[in-house]
Structures are given as C-alpha cells and as structure tokens.
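Engineer: below is the sequence, then the predicted model.
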Amino acid sequence: EPEVTQTPSHQVTQMGQEVILRCVPISNHLYFYWYRQILGQKVEFLVSFYNNEISEKSEIFDDQFSVERPDGSNFTLKIRSTKLEDSAMYFCASKVEGVGEAFFGQGTRLTVV
Amino acid sequence: KNEVEQSPQNLTAQEGEFITINCSYSVGISALHWLQQHPGGGIVSLFMLSSGKKKHGRLIATINIQEKHSSLHITASHPRDSAVYICAVDVNSGGGADGLTFGKGTHLIIQP
C-alpha cells in the first residue's frame, strides 16, 4: 500500500542550527502539507503546497520556515536558526485532492538542545 | 476561525465495552476526519466524512452537518484500540488546499 515516508525519524540539533526535514508523498498526490505537534499539544497546521507553490500558511510559518519540492518526489521543510521551542513532532501529509483523505507520514521528532 | 472540541479528553473502559467519542466544530466544513495516533506518534486516517455515516470493521463514524457534530463509535472494544483519537476538519475556502484544523484528541485506554 502506498505510504508517505519521512526522514529522519528523529533529529537532534543545536539551537541556532538549520535543519531540513524530508518527505516523500504518495506519487499521484497533488496536495502536500506540513503539520507540527508540540509534546502534549494538538496537531497544528504549518503550510500547504500545491502546483509547486505555497497555497496556504499559518501564523506559525514565518520567515524561519521554508518548503521546497526540489524534484518530482521529495517535499522538504527547512527550519533556519532553530529555537528550543521548535522541538516538536513534524508530520508531512499528502492528498490526491484538496478535499480528500489525508495520508500522514510517521513523523520526524525534532529535538533542539 | 474554526474551533474543534472533542469529548471526553480521556476515557478508560473495559474490553468489550461500546465506546463513543464526540466532536463538535464551530463553522461550516467541507469534510471531517477521524484519525488515530498511537504512542509511537504516527497518525493514521480512519474516516473522512462529509455527511451521514461510515463503517469500517468495529468502527462507525457519523456526522450531523446541521448540528456541527460528529461521533466515533467503537463496538466490542479491545486493548489494541488503545490510542489517541483525533477529530480534524477541512474548511472549504474555495482553494481546496487549506490544512486541517485539529481537536486536542481523546486518549482512550481499553483494559483487558
């Protein structure tokens, strides 16, 4: 069964460093998303991506964050100058269409120390 | 802004019991999702609903669009059903690419 793949599963980084979280969405899906879940809190929307550009972004998604689809398969989230409060589980998701079933990756647990 | 409220926040039940988790939301939606999150953290889609009722195995999901309310039922609950169940909604703003708005989740424990 097709699945969304995220790497790495766990990343520890020093405060102030840049990290890149990687996702391979399901191949025929057109809509891609990044979400964040701080430990003990609810999942929050960061950004959506469609037709090779950002479609929607939340207040959380400021200049510290960027997304790219560098080739036909990968979808990346870059976090510049990481802060302690960026520690969270980051989920990638994809959909065939905008209003449709969402398929989530297993998440990347980011720990900023 | 759409708010998604779930109840109860925590639920402990005995194996075999019928389980109901409720979700309400504040504005119009295009679809509602029920998701399952296991202790390892991964999220799995259980249902996507825009009207009526859906059933998959021992799981049943219903939605009442007029009342802005949905329920997830588990029949003949089993310890392997222990997980966090999350309600999330799609708000149709016309663009079709809005992210989901999530509830806080219901932490379900089924004891043998």
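Structural biologist: Noted; the coordinates are in hand. Worth saying up front: this structure is predicted, and the values here are computed from it rather than measured.

Engineer: quick one, grab the pLDDT at the residue nearest to residue A:38 when sequence neighbours are not counted.
Structural biologist: Excluding the flanking residues, the one nearest residue A:38 by CB to CB, 6 or more residues apart in numbering or on different chains is residue A:88, at 4.6 Å. Glycine gets a C-beta too; all of them are placed from N, C-alpha and C. If you check residue A:88, the pLDDT there is 98.

Engineer: quick one: residue A:88 and residue A:36 touch, right?
Structural biologist: Yes - at 4.8 Å, residue A:88 counts as touching residue A:36 under the criterion of CB atoms under 8 Å.

Engineer: show me which residues of chain A sit near chain B.
Structural biologist: Taking CB under 8 Å from any CB of the partner chain as the contact definition, chain A meets chain B at A:31, A:33, A:35, A:37, A:41-50, A:55-56, A:58, A:89, A:91, A:97-107, A:109.

Engineer: tell me which residue in chain A sits closest to chain B.
Structural biologist: Going by CB to the nearest CB, chain B is nearest to residue A:98 of chain A, at 2.5 Å.

Engineer: distance of that residue from residue B:109?
Structural biologist: Residue A:98 sits 35 Å away from residue B:109, going by CB to CB, to the nearest Å.

Engineer: the lowest-mean-pLDDT helix or strand in chain A pairs with which strands?
Structural biologist: One helix or strand of chain A scores below all others by mean pLDDT, DSSP states H and E: strand A:53-57, with a mean of 92. According to DSSP bridges, strand A:53-57 forms sheet pairs with strand A:44-50 (antiparallel).

Engineer: send the alpha carbons of the strand it pairs with over as PDB?
Structural biologist: C-alpha atoms of strand A:44-50 as PDB (Å, rounded to 0.1, in the frame of the first residue of the first chain):
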ATOM      1  CA  GLU A  44      -1.200  22.400  14.200                       C
ATOM      2  CA  PHE A  45      -1.200  23.200  10.500                       C
ATOM      3  CA  LEU A  46       2.000  24.900   9.200                       C
ATOM      4  CA  VAL A  47       1.800  25.100   5.400                       C
ATOM      5  CA  SER A  48       0.200  23.600   2.300                       C
ATOM      6  CA  PHE A  49       1.700  23.300  -1.100                       C
ATOM      7  CA  TYR A  50       0.100  22.800  -4.500                       C
END
